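**Student:** the following comprises the amino acid sequence and a computationally predicted model.
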Amino acid sequence: MIKNLIKKTLDEKFKALEAENAPGQEVRQDLSQLDNIMKGRKLEGVSVDFSHGDIDAFPPTPNSEKYWEEGFSRGASQAYTEYRGALDIRKTLAKRLGDFTKKPVLADSELILTPGTQGALFLALGATVATGTKVAVVEPDYFANRKLVKFFGGQVMPITLRYLESNSNNGLDLNELETAFKQGTTVLVFSTPNNPTGLVYSQKMITDIAVLANTYNVTVIVDQLYSRMLYSGEVYTHLRSCQVQPENLITIMGPSKTESLSGYRLGVAFGTPSIIDRMERLQAIVSLRAAGYNQAVFETWFNEPDGWLENRINQHEAIRDELLKIFRNANLQTATPQAGSYLFPKLPALSVDLNTFVRLLRYQAHVTVTPASEFAPHLKDSIRLNFSQDHDAAIEAAKRIVKMVEIYAL
């Protein structure tokens, strides 16, 4: 009886982590039955995988392999670093991150190097969420936030993000957030720029969040992965630079997106020392450290050749603008991403459910996207595209998405 109960509990726990429709896992899907429901013929075109960025179209930061080789040549001292990462690398990064976020970072106590930002997120939530902890999770937002909270036994308190209204109305529902805080929520996790919409929280919104978290003593984990890829005319506010701050705050960043260093699996978390300490202890039993030789590649971060970052942003902005035209001309409501490389177009009512449509896109039109339900369980009418792709291929693929919507619209 007890054995069956344990098995049921574990089955439910891991069912909540379902990765079948998660970005990158599409190749494991069974598409063999789609011929039975497919309308029309297959659409010609180059396969485009919008589930993640294409590092062949946007290669990693120059000389990243050279820095990796230098780390390799250092041998054991680079392979076996402190669990929180090599001190010399942390000192370099602490200065750069402090300058970028407009508040100093202490290399010894406030910074940890992690296996990707995904690793940082796992450690941060693992260090702050226990059984029954109420965690405010923004919807839509990064798909792992909700899953990690559930895995650690926390209770998800969903907070609505408005992203299809005017810029002045977009953002969190602060009344909903404060109500959640009053109901005992002790942790808030969110991303800005938001994944999947590309929304950047305004200075007022960030300030209001900081004040509320301070008032109700809520720990805040803010994912700023895309904060360097900011488009023309946009302004970014770092929560850690606000005058009033939460007592416990962790900021997560990494060079895997804008800089295309995802293959090295590098991330950082910085903030409240007591939480960083917990994260290091957790990392010690999960992976010991971020891969030692890979840590050496951090030297390229915030150290790119002159004009490299600006050029990369301009190229992405050009793709963004052209995709927006295609989707809006087809009456697919789509928010303008203010940063990052995600588009989140809203689809009309279709003759098939969203997951089936996403699979048909891949099978019939050679286009891979991620269903909105990964980012908010209740959303069944949108798809996410990572448009960090070959420009021409992305445009043609977007046109095939529109064609597929026409074929399957009710």
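**Tutor:** Thanks, I have it.

**Student:** next, count neighbours for the nearest residue to residue 353 once chain neighbours are set aside.
**Tutor:** Computed as CB to CB, 6 or more residues apart in numbering, the closest residue to residue 353 that is not its neighbour in sequence is residue 380, at 7.2 Å. Every C-beta, even on glycine, is put in place using the N, C-alpha and C of the backbone. Residue 380 has 14 neighbours, counted by other CB atoms under 10 Å.

**Student:** could you measure from residue 380 over to residue 358?
**Tutor:** Distance from residue 380 to residue 358, counting by CB to CB, to the nearest Å: 11 Å.

**Student:** still on that earlier bit, residue 373 is in contact with the residue nearest to residue 353, correct?
**Tutor:** Yes - between residue 380 and residue 373 there is a contact under CB atoms under 8 Å: 6.1 Å.

**Student:** give the residues shared as contacts by those two.
**Tutor:** residue 354 (CB atoms under 8 Å, 6 or more residues apart in numbering).

**Student:** quick revisit: how close does the residue nearest to residue 353 sit to residue 322?
**Tutor:** Using CB to CB, residue 380 is found at 27 Å from residue 322.

**Student:** same question for residue 37.
**Tutor:** Applying CB to CB, the value for residue 37 to residue 322 is 31 Å.

**Student:** so between the two, which is more surrounded?
**Tutor:** Set side by side, residue 37 and residue 322 show more neighbours around residue 322, with 15 against 12, by other CB under 10 Å.

**Student:** can you confirm the more buried one is in a helix?
**Tutor:** Yes - under DSSP: H, G, I helix; E, B strand; the rest coil, residue 322 sits within a helix.

**Student:** now it. Nearest residue, chain neighbours left out?
**Tutor:** Nearest residue to residue 322, sequence neighbours excluded (CB to CB, 6+ apart): residue 395, at 5.6 Å.

**Student:** ok, that neighbour touching residue 320?
**Tutor:** No - Residue 395 is not in contact with residue 320 according to CB under 8 Å; the separation is 11.3 Å.

**Student:** tell me which of those two has more neighbours.
**Tutor:** Between residue 395 and residue 320, residue 320 has the larger neighbour count (other CB under 10 Å), namely 21 against 17.

**Student:** re the thing from before, for the residue nearest to residue 353, list the residues it contacts.
**Tutor:** 353, 354, 371, 372, 373.

**Student:** ok, and the most crowded of the residues you listed?
**Tutor:** Counting neighbours by other CB under 10 Å, residue 372 leads these with 23 neighbours.

**Student:** got a list of what that residue touches?
**Tutor:** Residue 372 makes contact with 140, 196, 344, 354, 379, 380, 381, 382, 383, 384 under the criterion CB under 8 Å, 6+ apart.

**Student:** what do you get if the cut-off is 6 Å, keeping everything else the same?
**Tutor:** Counting by CB atoms under 6 Å, 6 or more residues apart in numbering, residue 372 touches 379, 382.

**Student:** for the one 10 residues further on, same thing?
**Tutor:** Residue 382 makes contact with 344, 346, 372, according to CB under 6 Å, 6+ apart.

**Student:** now stretch 354-361: mean pLDDT?
**Tutor:** Across stretch 354-361, the average pLDDT comes to 95.

**Student:** mind saving the C-alpha coords of that stretch as PDB?
**Tutor:** Output of stretch 354-361 as PDB, limited to C-alpha atoms (Å, rounded to 0.1, in the frame of the first residue of the first chain):
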ATOM      1  CA  LEU A 354      -2.800  23.800 -30.500                       C
ATOM      2  CA  ASN A 355      -0.500  20.900 -29.900                       C
ATOM      3  CA  THR A 356      -1.700  19.200 -33.000                       C
ATOM      4  CA  PHE A 357      -1.300  22.400 -35.000                       C
ATOM      5  CA  VAL A 358       2.300  22.700 -33.800                       C
ATOM      6  CA  ARG A 359       3.000  19.200 -34.900                       C
ATOM      7  CA  LEU A 360       1.400  19.800 -38.200                       C
ATOM      8  CA  LEU A 361       3.600  22.900 -38.600                       C
END
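
**Student:** off-centre distance for that stretch?
**Tutor:** When distances are taken as CA atoms, centre = their mean, to the nearest Å, stretch 354-361 is centred 22 Å away from the chain's centroid.

**Student:** appreciated, that's everything.
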